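Asks: fold the stuff below for me.
(chains A and B)
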Amino acid sequence: MGTARVVFDRWDGRYAERLGSVRSSAVRDLFAAASRSDMISFAGGMPEVRQVPTEAVAEAARDAILHEGAAALQYGSSDGRPQLRTIIVELMAEIGVRLGADELVVTAGAQQGLDLLAKTFLDPGDVIITEGPTYVGALQAFSAYQPQVICIPMDDDGMRVDLLADELARLGPRGAKFIYTIPNFQNPGGVTLTPERRRRLLELAREYDIPVIEDDPYGRLRFEGGHVKPLRALDDEVIYLGTFSKIFAPGLRLGWMTAPRPILAKVLLTKQAADLCGSAFAQVTAERYFTGTRWRKVLQGLTRTYAERRDVMLEALDEHFPPEARWTRPEGGFFVWVELPEFLDANAMLAEAVENGVTFVPGDGFFPDERGCNCMRLAFCYASPDDIREGVARLASVLEDRLELYRAFIAAGAISGGLREEGAA
Amino acid sequence: MSREKVAVLMGGRSLEREVSLASGERVVDALTSLGYRVLALDITPELVETLRAERPDCCYIALHGKDGEDGTIQELLEFLGIPYTGPGVTASALAWDKAVAKRLFLENDIPTPPWVTLTADAFKEAGAATALDLIPSVAGDYPLVVKPAKQGSALGLNRIDEASLLAEALLTALGYDDAAIIEKWIDGPELAVSVLNGLGGIEVLPPVEIVAKSGLFDFQAMYTQGETDYFVPARLQMSVFAEVERLARKVHELLGCRDVSRVDMVVGADGTPYVLECNTSPGMTQTSLLPMAAKAVGLSFQDVVERLTQAALSRRDSGTNFNTGV
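Replies: Take a look at the predicted model:
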């Protein structure tokens, strides 16, 4: 009897090598998708689109077709419609960034911007610098171009720029292709880079001549405290990524990138190859929404909703979570980052959590390496306040169960206790 | 005229819910094209009510993991008087608890790697963590495998090469079950040997050889296409083949499995096959091992589903379903 190798995918072996570096975690995917109806999810960072007035959006879409059908249904320019770019210029002016409509390009969400920048800048083996932990979608977009990712730890004030300085000193001038940062209410850390550190980060970037990519999806979702100027407002060489996903709706897939003109020209070339141009229909609809509706009121309502949910989650964590855990206290955005004692594996805990009807994202997905296993990201943006209270209580009982075992191991001297000092967010 | 009504039970609350839904979907398709009237049922608080109202002729159990594989659902269906596919309550419960199954293997001269079982309570209440240094004297030298005693799809399983990693691996395994098995790692080809009861008695299908590219056939390797190579039949010497078949048959009979089981083994350097565990509700997904083995002997996915369903239906009037046994 001959042996036959079983073939599931007969194209296996013919895919590009770079796809080998893009991996998703099967465990995470399965659990994140856990579809039980009684599941409370702290997993996905999904905007509360139920609060976006569908009537107004329907009208905007209707107008887009009826009044600008010829444009909305046609190809458009690669950098986006001038009308929408004008709106973006105004949005940017509100956060302290002055620029012309020809200094930006409309993208399919900020996510496309990440992919285009990676495609524009990265050759295999290039060094890039990110916060650690960082946005998993950015890691995915970057890893397809096979860079070496260096993660700079954070504390409550955002990226540790002192450690960044050390790293840059080691790498030398132009030692990295870019520094990627989410300075406001970081995903997943929830922390915000302080004004002092922003200035220091830019100084270092100038000193070592390394471009900075500022990803700012949550900047307008501030619950308290004063507005902090974006990096782009302090230095016009910063590449800035904005999105309509959090101030309108992610379903339209609209975002934008501003960058120095030479970079923008290269990005436009890669964008033309990627999609010729973005969706004109989505752009016209967004123009109508931002000129013809009370979108600011909607955004204020959304921000109030997220703020209330943040409050509820922090209260519940204070009440239920054990002293061995610590977590960030975000002033905006969607996420709380929880750090547990080093030997606790959040993936293993997720199993028990799912059985108890609550999900979250284990921390290791937010690092390019094995770090973060003892951490979890909790999204407070989507669950109702009652569900948040219940979900945190469920999670706490799972955690308590784990900790009882953990303490027994410590008491026996089988492991050493305490939180890991470096890598804290 | 359409055939009998079959309720396919899938989903549930176990960690393998998504795997089960994938299995169940394929089973539903197969049964439908075979002409059965098919009900796809998730495990919800309304399940019993639905079963009583719908009165299916049998249930096809496409559940994996706790509840579906540990005898819980089997016991419930016995109570309701509905015949079901696969092994009965006792066999399910014995096979599901690897710590118990391994004891039975040992007592019945079925080679299984040396091991230690430790429960969470042994750590919490009796200070078992002070005795981790003794483990190699019982389970053998490193590398060792640490895994939950009761869990499917290799969830919570880790191979460790040195003592310093043992505590962490135990904490992980105990995240999936209240008992952990620490077992000697046998370096050699891993085999999945499917057993089907047919008209002519027990039929052992060709063993499938599993080669995980990462070296460890864990959850990731199991369900990600391209992470694992499979060879059917396994690339073994003829003498080993015979031993593998004998052992699979013996395990199937020892645990009292009926209809179907999948016995997982690893072949040591000296050619000895060691039995790791027995699964009573083998996966039926796109990448699952039982359908793969069946295909090698000319049995299609539909053939397997038909055979298991007919076996369940044959127990409708015989009463053999109600002795909770074989």
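Asks: every contact and neighbour count from this point should use C-alpha atoms.
Replies: Noted.
Asks: report the central residue of chain B.
Replies: B:N279 (1.8 Å; Cα atoms, centre = their mean).
Asks: which one is that residue nearest to, not counting chain neighbours?
Replies: Nearest residue to B:N279, sequence neighbours excluded (Cα to Cα, 6 or more residues apart in numbering or on different chains): B:R262, at 5.0 Å.
Asks: so how many other residues sit close to A:R10?
Replies: Close neighbours of A:R10, defined as other Cα atoms under 10 Å in any protein chain shown, add up to 9.
Asks: what of B:F231?
Replies: 20.
Asks: circling back: go ahead and confirm the residue nearest to B:N279 touches B:S194.
Replies: Yes. B:R262 lies in contact with B:S194 (Cα atoms under 8 Å); the separation is 4.2 Å.
Asks: next, count neighbours for A:D123.
Replies: A:D123 - counted by other Cα under 10 Å - has 13 other residues nearby.
Asks: swap in the one 5 residues further on?
Replies: The tally of other residues near A:I128 (other Cα under 10 Å) stands at 21.
Asks: now swap in the one 4 residues further on and tell me
Replies: A:G132 has 24 neighbours, counted by other Cα under 10 Å.
Asks: quickly list what the nearest residue to it once chain neighbours are set aside is bridged to.
Replies: The shortest distance from A:G132 to any non-neighbouring residue, by Cα to Cα, 6+ apart, is to A:C151 (4.6 Å). Counting by DSSP bridges, A:C151 forms beta bridges with A:T130.
Asks: just checking, A:C151 touches A:V127?
Replies: No. Counting by Cα under 8 Å, A:C151 stays clear of A:V127, with 10.6 Å between them.
Asks: show me which of those two is the more surrounded one.
Replies: A:C151 (23 against 19).
Asks: element containing A:N347?
Replies: Assigned by DSSP states H and E, A:N347 belongs to helix A:346-355.
Asks: so what's the residue nearest to A:G132 scoring on pLDDT?
Replies: At A:C151, the predicted lDDT confidence score is 97.
Asks: now A:G20
Replies: Reading off the model, A:G20 has pLDDT 72.
Asks: ok, A:G189 - contacts?
Replies: A:P133, A:T134, A:T328, A:F335, A:V336, A:W337, A:R377, A:A425 (Cα atoms under 8 Å, 6 or more residues apart in numbering or on different chains).
Asks: count of neighbours near the second one?
Replies: Residues within reach of A:T134, counting by other Cα under 10 Å, total 24.
Asks: quick one: it from A:D157, how far?
Replies: Separation of A:T134 from A:D157 (Cα to Cα, to the nearest Å): 15 Å.
Asks: could you pull out the strands for the stretch 301-425 of chain A?
Replies: Here the stretch 301-425 of chain A has its strands, by DSSP state E, counting those that start in this stretch, at A:326-327, A:335-339, A:358-359, A:361-362, A:375-379.
Asks: among those strands, which is nearest chain B?
Replies: strand A:358-359 (11.9 Å; Cα to the nearest Cα).
Asks: residue of the stretch 251-400 of chain A closest to chain B, please.
Replies: For the stretch 251-400 of chain A, Cα to the nearest Cα, closest residue to chain B: A:A348, 5.0 Å.
Asks: excluding sequence neighbours, find me the nearest residue to that residue.
Replies: B:G175 (5.0 Å).
Asks: how about the one you found, secondary structure?
Replies: coil (DSSP: H, G, I helix; E, B strand; the rest coil).
Asks: isn't it right up against A:L344?
Replies: No. B:G175 is beyond contact range of A:L344, at 9.3 Å (criterion: Cα under 8 Å).
Asks: which neighbours do those two have in common?
Replies: A:R402.
Asks: the more surrounded of those two?
Replies: B:G175 (30 against 22).
Asks: can you pull the contacts of that one?
Replies: A:A348, A:M349, A:A351, A:E352, A:R402, B:G156 are the contacts of B:G175 under Cα under 8 Å, 6+ apart.
Asks: how many other residues sit next to the fifth one?
Replies: Going back to what we said before, that points to A:R402. So A:R402, with other Cα under 10 Å, has 21 neighbours.
Asks: gap between it and A:H320?
Replies: 14 Å.
Asks: and if you look at the first one?
Replies: Distance check for A:A348 against A:H320: by Cα to Cα, it reads 20 Å.
Asks: same question, the last one
Replies: Here the criterion is Cα to Cα. By it, B:G156 lies 26 Å from A:H320.
Asks: and the strands in the stretch 201-326 of chain B, which stretches?
Replies: B:201-204, B:208-212, B:228-232, B:260-267, B:273-279.
Asks: any chance of these in JSON lines, with mean pLDDT and distance to A:G190 too?
Replies: Converted to JSON lines, the strands of the stretch 201-326 of chain B look like this (pLDDT from 0 to 100; distance: least, Cα to Cα, whole Å):
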{"stretch": "strand B:201-204", "mean pLDDT": "91", "distance to A:G190": "56"}
{"stretch": "strand B:208-212", "mean pLDDT": "90", "distance to A:G190": "38"}
{"stretch": "strand B:228-232", "mean pLDDT": "89", "distance to A:G190": "38"}
{"stretch": "strand B:260-267", "mean pLDDT": "96", "distance to A:G190": "45"}
{"stretch": "strand B:273-279", "mean pLDDT": "96", "distance to A:G190": "44"}
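Asks: which SS class is A:C277?
Replies: Assignment for A:C277 (three-state DSSP): coil.
Asks: list the contacts for the residue lying closest to A:P362 once chain neighbours are set aside?
Replies: Nearest residue to A:P362, sequence neighbours excluded (Cα to Cα, 6+ apart): A:M376, at 4.5 Å. A:M376 sits next to A:W337, A:V338, A:E339, A:A346, A:F360, A:V361, A:P362, A:G363 when contact means Cα under 8 Å, 6+ apart.
Asks: B:K5 against B:Y60, yeah?
Replies: No. Contact criterion Cα under 8 Å: B:K5 and B:Y60 do not qualify, at 10.4 Å.
Asks: for those two, indicate the residue with more neighbours.
Replies: Set side by side, B:K5 and B:Y60 show more neighbours around B:Y60, with 26 against 18, by other Cα under 10 Å.
Asks: spatially, which two of the contacts of A:G189 are the most separated?
Replies: Across the contacts of A:G189, the longest distance by Cα to Cα is 14.6 Å; it joins A:T134 and A:T328.
Asks: and the two most separated of the contacts of B:G175?
Replies: So, the contacts of B:G175 by Cα to Cα: farthest apart are A:R402 and B:G156, at 14.1 Å.
Asks: how is chain B divided into domains?
Replies: Following automatic domain parsing, chain B resolves into domains at B:5-85+B:304-318, B:93-111+B:187-297, B:115-184.
Asks: wait, which of those is closest to A:R174?
Replies: domain B:93-111+B:187-297 (35.5 Å).
Asks: can you give me the first-to-last residue distance of that closest one?
Replies: 30 Å.
Asks: columns mean pLDDT on top of the strands of the stretch 301-425 of chain A, output as TSV?
Replies: Shown next, in TSV, are the strands of the stretch 301-425 of chain A (pLDDT from 0 to 100):
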stretch	mean pLDDT
strand A:326-327	96
strand A:335-339	97
strand A:358-359	92
strand A:361-362	91
strand A:375-379	96
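Asks: where does the chain have low pLDDT?
Replies: Picked chain A for this. Scanning chain A for pLDDT under 70 picks out A:1-8, A:21-36, A:417-425.
Asks: my question was about chain B
Replies: Short version for chain B, where the test is pLDDT under 70: B:1, B:153, B:199, B:219-225, B:317-326.
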